[in-house]
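Undergrad: heads up, no residue letters with this:
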């Protein structure tokens, strides 16, 4: 018995390490799993106008950065501006991003104009390459709408007024940041609301990131622009970097606000991985061009019309349905004016109705006018990059006019063609007498036996002509002598 305590102690000594290992394993299982530490930065390239495809690209890139546990996202942009809705979507994604986002205007010669300026102000880190510029953030909708016919552009919203340029030169000579000069507000109430809303929005972003809010207001009210070096000196951007590697080195150790917490950037030496957009982003980028969307929709409509006019063709119906769905999906992603879409659909319907209604051009011409007006009003956007080209509007209207001319020619030929079916076609047709008694009998007309009557007695085998049809009885008579040789 005395040996039992020693045995128990020895057993405990052997089991204790195993018990500790089990306890540690269970405790670790109760803790949230730590993501693997990855020394990488994700590089996202944005080229061209800001639109639905750009917003989707950034959303996918931020999701990939979180999935791959990347420390940093670099949004390398070169944009003339774009859609306000897409810009605001991108800014919301940046503000809610799980990792710090640096917007980098590059390479040399690139710009972050209009919507790009807002995105730059919203980013955790704003960087520019030498030889780049930003600004011209005035909402262009107040400047006058569609481009002029013949390719002449509207008044350039990126051009500063002479007074604004002189004010900026005086500010630079004084070496101080003056209050933004007041630019005259638009005369209409809607224009004033648009400008004031844009000013409040960009100032809120500037205050959030600690950047120059006064110059941001000037960029909106006066369309002011800045080159890279001056932007850094005026605290519009954080610094200027020649390359992505220099950006990472300069960003290292800086403190940014990520959500509700402060984060010290640890970026030096990060491996840079370029984010490649998926096929759906590339497809969206193609079809959300309003010119492509309009052409797709028209191909779809005319394909379905051809299918309904020629049942069983199958090919035009399938192609038309696919193109129509793609076109409608693309238009749904764009700022669509539903009055313009309604006018376009009405125009196509009137031109199609011309084929079955003998109005000799009244419906067709009205449809052509409605189609042209609808195409002009189809896209309701303040961004010139997302306006319909006058060449596209003219080409699609001309194509619809050509279809209308073909339909009118077809209807005219049908109207002049002699009747080949029905009762009217039987009148004047020669028939052969099969049997006759008095004033009635039977005749053979087009391989069918008909009852017939005549004021004169006829003989079997005689050829007569049909004068009229009364129900199922033919009124016949002998042909004139001048017509005997024709039978």
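TA: Done, it's in. All figures in this text were calculated on a predicted structure; none of them were measured in a lab. Residues are numbered from 1 along each chain as shown.
Undergrad: give me the low-pLDDT residue ranges for the stretch 101-250 of the chain?
TA: Along the stretch 101-250 of the chain, the model assigns pLDDT under 70 to residues 140-187.
Undergrad: 80 instead, please
TA: Filtered on pLDDT under 80, the stretch 101-250 of the chain yields the residue ranges 140-191.
Undergrad: Strands of that one, residue ranges please.
TA: For the stretch 101-250 of the chain, the strands defined by DSSP state E, counting those that start in this stretch occupy 101-105, 111-113, 125-128, 133-135, 225-227, 239-240.
Undergrad: any chance of these in CSV, plus distance to residue 472?
TA: All C-beta atoms are positioned from the backbone trio N, CA, C, and that covers glycine. What follows is the strands of the stretch 101-250 of the chain, written out as CSV (distance: least, C-beta to C-beta, whole Å):
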stretch, distance to residue 472
strand 101-105, 86
strand 111-113, 82
strand 125-128, 91
strand 133-135, 87
strand 225-227, 88
strand 239-240, 97
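Undergrad: Indicate which one of these is closest to residue 365.
TA: Relative to residue 365, the nearest member of the strands of the stretch 101-250 of the chain by C-beta to C-beta is strand 111-113, separated by 42.7 Å.
Undergrad: Which other helices and strands does that closest one contact?
TA: For strand 111-113, the packing partners by 3 or more C-beta pairs under 8 Å, 6 or more residues apart in numbering; DSSP states H and E come out as strand 72-78, strand 101-105, strand 133-135.
Undergrad: ok, and which of the ones you listed has the densest surroundings?
TA: Among the helices and strands packed on strand 111-113, ranked by average contacts under mean count of other C-beta atoms under 10 Å, first place goes to strand 101-105 (a mean of 28).
Undergrad: What ranges does the stretch 151-300 of the chain have for its helices?
TA: Residue ranges of the helices in the stretch 151-300 of the chain, as given by DSSP state H, counting those that start in this stretch, are 162-174, 189-209, 213-221, 228-233, 244-251, 279-287, 290-309.
Undergrad: so which of the ones you listed is the most packed in?
TA: Scoring these by mean neighbour count under mean count of other C-beta under 10 Å gives helix 213-221 as the most buried, with a mean of 24.
Undergrad: Tell me what angle that one forms with helix 189-209.
TA: Helix 213-221 runs at 150 degrees relative to helix 189-209, counting by axes from the mean of the first three to the mean of the last three C-alpha atoms, to 10 degrees.
Undergrad: how about the strands of the stretch 101-250 of the chain, which one is nearest residue 430?
TA: Residue 430 sits nearest to strand 111-113 of all the strands of the stretch 101-250 of the chain, at 82.7 Å, using C-beta to C-beta.
Undergrad: List of residues touching the closest one?
TA: With contact meaning C-beta atoms under 8 Å, 6 or more residues apart in numbering, strand 111-113 is reached by 77-81, 103, 105, 119-120, 128, 132-137, 158, 225.
Undergrad: let's go with 6 Å and repeat that
TA: The contact list for strand 111-113, computed with C-beta atoms under 6 Å, 6 or more residues apart in numbering, reads 77, 80, 81, 105, 120, 133, 134, 136, 158.
Undergrad: Run a quick neighbour tally on residue 429.
TA: When neighbours are counted by other C-beta atoms under 10 Å, residue 429 registers 12.
Undergrad: do the same with residue 441
TA: Neighbourhood size, residue 441 [other C-beta under 10 Å]: 21.
Undergrad: can I assume it sits in a strand?
TA: Yes: counting by DSSP: H, G, I helix; E, B strand; the rest coil, residue 441 falls inside a strand.
Undergrad: Perfect, that will be all.
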